[in-house]
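# Sharing a model prediction with you, sequence too.
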Amino acid sequence: MSHSIPKPVQHCVHQLFELQVERTPNNIAVVFGKQGLTYQELNCRSNQLAHYLRFLGVHPDMLVGICMNRSLDMVIGLLGILKAGAAYVPLDPAYPQERLAFMIEDSQLSILLTESEQRTQLPLHPAQVICLDTDWQQIAQHSETNPDSGVTPNHLAYTIYTSGSTGKPKGVLVPHRGVTNLLIFMQQTPGTHGTRCLPGHQYYLL
C-alpha cells in the first residue's frame, strides 16, 4: 500500500506545541512520577524561562546546554530553550567528566541549564549556569506569554553528539524543519499501536 508524502510543515517544534496548548490547555501534557503539568502550565513555565534566557542575551541558533536527569523541569528546560530561539545541547549527567568537558568546550556553550544536584558534578567550564530549582524564583518574574524569537523552520533546534566510538565525538546540527517533518510523517504513517516519539536524543528525552 502506498502512502502520500505529507507536505512540509512550516512551523518550529515549539510552535507545534503552542498550537496544541490552544486546543487542549487543560489536558495533561507531561507526567513524571506522581507529578504532572497541563499544557497551559507547561507552556507558561517554559515561556517564563524563555523570556529569562532572552533577557540574558540568548538568540536564534545560539547553543544552550542542558544537563539534567529526566524530570518535569527537564521538559520545561527543553521547551524554554526552543522558545527563546536557541538550540539545545543535551548533556547526559551519566556521561564521563571527560566527555562532558569536551562537549561543553566543542559547542562553545555560554549558558548551561541544570539543577543544583548536578551542578556540583559538572566539570570546570566557563558557561553561565542556571539551576532551574534554586533559580526559579528569579525566572518566575518573567512573562508567561509566548515569546516571539523570530526563528524559522530553518533555524537550529538542537545539536546532538555522536558516540565517538570511531574517533572524537562530532556535533550534528538539526534544524526545526527536520524534526517537525519527521514527526508529522510518523504521525500520518501507520505504525505500531501506542508508538510515541519526541524530538531529540532517544537516549535522553522522556
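Thanks, I have the structure now. Numbers count the residues shown, from 1 in each chain.
# buried set for the helix ranked longest in the chain?
Ranked by residue count and defined by DSSP state H, the top helix of the chain is helix 39-55. Residues of helix 39-55 classed as buried by neighbour count (16 or more other Cβ atoms under 10 Å): 39-54. In this view, the C-beta of every residue, glycine as well, is placed from N, C-alpha and C.
# so which of those comes closest to residue 110?
Nearest to residue 110 among the buried residues of helix 39-55: residue 53, at 11.1 Å, using Cβ to Cβ.
# burial count for the nearest residue to the closest one once chain neighbours are set aside?
Distance criterion Cβ to Cβ, 6 or more residues apart in numbering; nearest residue to residue 53, sequence neighbours excluded, is residue 84 at 3.9 Å. When neighbours are counted by other Cβ atoms under 10 Å, residue 84 registers 30.
# cool, residue 95 as well?
Other residues close to residue 95 by other Cβ under 10 Å number 16.
# Just list the residues touching it, thanks.
The contact partners of residue 95, taken as Cβ atoms under 8 Å, 6 or more residues apart in numbering, are residue 103.
# ok, it to residue 115 distance?
Plainly put, residue 95 is 16 Å away from residue 115 if you go by Cβ to Cβ, to the nearest Å.
# ok, now residue 175?
Look at residue 175 and residue 115: by Cβ to Cβ, they are 28 Å apart.
# Could you do residue 103 as well?
Counting by Cβ to Cβ, the gap from residue 103 to residue 115 is 18 Å.
# which of those two has more neighbours?
Ranked by neighbour count (other Cβ under 10 Å), residue 103 and residue 115 place residue 103 first, with 24 against 20.
# Skipping adjacent residues, who's closest to that one in space?
residue 161 (5.5 Å).
# pretty sure that neighbour contacts residue 174?
No - using Cβ atoms under 8 Å, residue 161 is not in contact with residue 174, being 11.6 Å away.
# Compare the two and say which is more crowded by neighbours.
Using other Cβ under 10 Å as the criterion, residue 161 and residue 174 rank with residue 161 on top: 21 against 18.
# same for the longest helix of the chain, what does it pack against?
Where contact means 3 or more Cβ pairs under 8 Å, 6 or more residues apart in numbering; DSSP states H and E, helix 39-55 is packed against helix 13-23, strand 28-32, helix 72-83, helix 136-139.
# Go through these and pick out the most buried.
helix 72-83 (a mean of 26; mean count of other Cβ atoms under 10 Å).
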